[in-house]
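Participant: structure here, sequence nowhere to be found:
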């Protein structure tokens, strides 16, 4: 009887070890491509959800604007004239564009001279 009990325990342990081994093999054999595919699907779904949330937020923001308030603010800003930072920014842009403008003028003159020279020939 004692021997039969030990035999049953060994069989039970053997079945348990076999089941665990089978589960481990399945886990190891799960293809990497399947994991990547699931990850990509989840990422796409998350992207869609985020895009939808952003659309809703912008829609809610647009609906919250009071046209009269916006017009009054724009009028007030335009009546105030240029702000110091705006003037400084415009001057900086002018300085940056001056060499480009000179180069374009020079290239335009060269193109005109080239066209005139071809006409003479």
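Facilitator: That came through, no problem. Everything quoted here is computed from the prediction, not taken from an experiment.
Participant: residues in contact with the helix or strand bottoming out on mean pLDDT in the chain: which ones?
Facilitator: Here the helix or strand of the chain ranked lowest by mean pLDDT, DSSP states H and E is helix 67-80, holding a mean of 79. Contacting residues not belonging to helix 67-80 are not present [CB atoms under 8 Å, 6 or more residues apart in numbering]. Where you see a C-beta, it was placed from the backbone N, CA and C, and this is true even at glycine.
Participant: starting at the chain centroid, how far to that helix?
Facilitator: Distance, stretch centre to chain centre, for helix 67-80: 33 Å (CA atoms, centre = their mean, to the nearest Å).
Participant: quick one: the strands in this protein?
Facilitator: In the chain, no strands are defined using DSSP state E.
Participant: how about the helices in it?
Facilitator: Secondary structure of the chain (DSSP state H): helices at 2-29, 32-64, 67-80, 84-120.
Participant: redo those helices as CSV? Include mean neighbour count.
Facilitator: Output for these, formatted as CSV (neighbours: other CB atoms under 10 Å):
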stretch, mean neighbour count
helix 2-29, 9
helix 32-64, 10
helix 67-80, 9
helix 84-120, 10
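Participant: if you average pLDDT over each of those helices, which is lowest?
Facilitator: The minimum mean pLDDT among the helices of the chain belongs to helix 67-80 (a mean of 79).
Participant: what is the end-to-end distance of stretch 78-86?
Facilitator: Stretch 78-86 has an end-to-end distance of 12 Å (CA to CA, to the nearest Å).
Participant: tell me how far the residue nearest the centre of the chain lies from residue 37.
Facilitator: By CA atoms, centre = their mean, the chain has its centre lying nearest to residue 47, at 9.4 Å. Using CB to CB, to the nearest Å, one gets 16 Å for the distance from residue 47 to residue 37.
Participant: then residue 112?
Facilitator: Distance from residue 112 to residue 37, by CB to CB: 62 Å.
Participant: ditto for residue 26
Facilitator: 18 Å.
Participant: again with residue 60
Facilitator: 35 Å.
Participant: residue 50 now?
Facilitator: 20 Å.
Participant: same check, this time on residue 100
Facilitator: From residue 100 to residue 37 the distance is 50 Å (CB to CB).
Participant: repeat that for residue 113.
Facilitator: Distance from residue 113 to residue 37, by CB to CB: 63 Å.
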